[in-house]
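Asks: Okay, predicted coordinates and the sequence, questions at the end:
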Amino acid sequence: MEFVNYEVEDYVAVLTINRPKALNALNSQVLEEIEQTIDAVDTNEVRALIITGAGEKSFVAGADIAEMSSLTKAEGEAFGKKGNDVFRKIETLAIPVIAAVNGFALGGGNEIAMSCDIRICSDNALFGQPEVGLGITPGFGGTQRLARLVGAGIAKQLVYTARNIKADEAYRIGLVNAVYTQEELMPAAKKLAATIAKNAPIAVRNCKKAINDGLNTDIDNAIVIEEKLFGDCFETEDQKAAMANFLEKDKEKKLKVVPFQNK
Ligand code: CAA
């Protein structure tokens with residue numbers, strides 16, 4: 001891969017978008033390589049994925065403006081679909097995905113971060129949807145996920161004004177969960193991923209599915225989704241072992257990583 005690096009260590013994978021000359025902007029090739037990497041994540045081996053950008057300045061500075069500049073209506077729609085399809089794969093990946101936002105997260109950069117389960121950022125991060133200043137709408141999910149994450153009023157204001165916001169404001173509106181110094185960001189992302197990876201993997205995946213699927217339906221259907229996924233856990237060795245350890249009051253065992261099993 002030319003623009004994507006992928007490494008796995010101790011159940012945690014790091015996908016780095018690596019096109020620093022263009023501040024990691026997303027052209028068709030970058031999108032294709034992200035998709036291939038996501039498709040190839042071995043969820044038997046990996047329990048949490050971190051997405052970040054190469055370099056100290058930018059997470060992702062958006063979709064590639066040079067590539068978009070000459071698109072026709074049909075090509076524009078196809079480019080939007082490509083981004084949406086890839087980001088939907090991230091959003092629905094079985095395991096949790098953490099965006100470690102290490103700088104510019106503009107347009108498609110904010111949009112890929114929003115397709116992740118959790119966003120944390122460095123204090124130099126800058127978020128925004130600058131599209132209307134370029135004569136387009138946000139096209140990789142920005143008109144949909146921003147309103148779901150921070151509420152329609154704030155989302156509309158950010159999208160209509162194309163105003164960028166710094167890390168502290170992103171934290172205040174709930175777009176990111178935490179802000180770190182640049183040096184602390186990746187260690188914090190890895191620590192968070194490792195904490196997730198220590199828990200029962202099927203239970204964690206079922207939580208992701210329950211929350212995501214439940215948010216997309218009404219509460220009556222949502223609680224049925226939860227009931228089903230809750231019930232499924234009782235077929236797992238993790239549930240039996242973890243509850244038995246609790247009842248044995250074996251503190252040592254209780255803290256042990258439950259063995260990985262795949263359904
Ligand atoms: N597309 C293509 N190239 C980009 C890019 C982008 N989104 N963002 C930065 N680059 C390139 C620049 O053209 C420049 O290339 P050259 O060195 O070859 O000239 C290089 O990256 C470095 O950028 P700058 O010199 O501009 O760096 P800066 O520090 O002065 O400014 C910046 C940084 C504020 C992020 C500025 O680059 C910028 O405004 N970039 C565009 C941000 C943007 O509008 N993103 C949204 C795109 S639209 C979108 O994403 C649509 C969608 O929803 C799908």
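Replies: Received, thanks.

Asks: Low-confidence stretches in the stretch 151-263 of the chain?
Replies: Where the stretch 151-263 of the chain drops to pLDDT under 70, the residues are 250-263.

Asks: What backbone torsions are found at the residue nearest to V132 when sequence neighbours are not counted?
Replies: In this structure, V132 finds its nearest non-sequential neighbour in A162, 5.0 Å apart by CB to CB, 6 or more residues apart in numbering. (Glycine included, C-beta is placed from N, CA and C.) Torsion angles at A162 (phi, psi; degrees, to the nearest 10) stand at phi 60, psi 30.

Asks: just P20 next, same as before
Replies: phi -60, psi -30.

Asks: That one is in contact with A54, isn't it?
Replies: Yes - contact between P20 and A54 holds when scored by CB atoms under 8 Å: they sit 5.1 Å apart.

Asks: Can you report how many residues neighbour the residue nearest to V132?
Replies: Here the number of neighbours of A162 (other CB atoms under 10 Å) works out to 16.

Asks: right, and it touches E131 too?
Replies: Yes - using CB under 8 Å as the test, A162 is close enough to E131 to be in contact (6.9 Å).

Asks: hang on, the earlier thing: tell me which of P20 and A54 has more neighbours.
Replies: A54 (18 against 14).

Asks: Can you tell me how far that one is from A61?
Replies: 12 Å (CB to CB, to the nearest Å).

Asks: what is in contact with those two at once?
Replies: Contact with both A54 and A61 is made by residues N24, according to CB atoms under 8 Å, 6 or more residues apart in numbering.

Asks: and the chain, which residues reach the ligand?
Replies: Within reach of the ligand by CB under 6 Å from any ligand atom, the chain has these residues: 22-23, 25, 61-66, 83, 104, 106-108, 111, 130-131, 134, 138-140, 142.

Asks: got a list of what the most centrally placed residue in the chain touches?
Replies: In the chain, the centroid-proximal residue (CA atoms, centre = their mean) is C116; its distance is 1.4 Å. Applying CB under 8 Å, 6+ apart to C116 gives the contacts 51, 90-91, 97-99.

Asks: cool, G128 as well?
Replies: 105-107, 110, 158, 162-165.

Asks: now do L185
Replies: 52, 100, 102, 120-122 are the contacts of L185 under CB under 8 Å, 6+ apart.

Asks: Mind checking which of the residues you listed are buried?
Replies: 52, 100, 102, 120-122 (16 or more other CB atoms under 10 Å).

Asks: hey, where'd the helices end up in the stretch 101-250 of the chain?
Replies: Here the stretch 101-250 of the chain has its helices, by DSSP state H, counting those that start in this stretch, at 108-114, 142-150, 152-161, 167-172, 182-197, 201-215, 219-233, 237-247.

Asks: Pick the most buried one from those.
Replies: helix 108-114 (a mean of 30; mean count of other CB atoms under 10 Å).

Asks: Test my guess that N110 contacts Q129.
Replies: Yes - with contact defined as CB under 8 Å, N110 counts as touching Q129 (6.1 Å).

Asks: Between the two, which contacts overlap?
Replies: With CB under 8 Å, 6+ apart, N110 and Q129 have common neighbours 142, 146.

Asks: Let's have the buried ones among the contacts of L185 in TSV, adding pLDDT.
Replies: Below are the buried ones among the contacts of L185 laid out as TSV (pLDDT from 0 to 100):
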residue	pLDDT
T52	98
A100	99
N102	98
I120	98
C121	98
S122	98
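
Asks: Give me the mean pLDDT for stretch 32-47.
Replies: For stretch 32-47, mean pLDDT is 96.

Asks: Please identify the buried residues of it?
Replies: Result for stretch 32-47 [16+ other CB under 10 Å]: buried residues 33-35, 37-38, 41, 46-47.

Asks: related to what we said a few turns ago, of the residues of the chain next to the ligand, buried ones?
Replies: 22-23, 25, 61-64, 83, 104, 106-108, 111, 130-131, 138-140, 142.

Asks: mind listing what the residue in the stretch 101-250 of the chain that the ligand sits nearest to touches?
Replies: Of all residues in the stretch 101-250 of the chain, the one sitting closest to the ligand is G107 (2.3 Å; CB to the nearest ligand atom). Neighbouring residues of G107 by CB under 8 Å, 6+ apart: 61-63, 128-131, 138, 140, 142.
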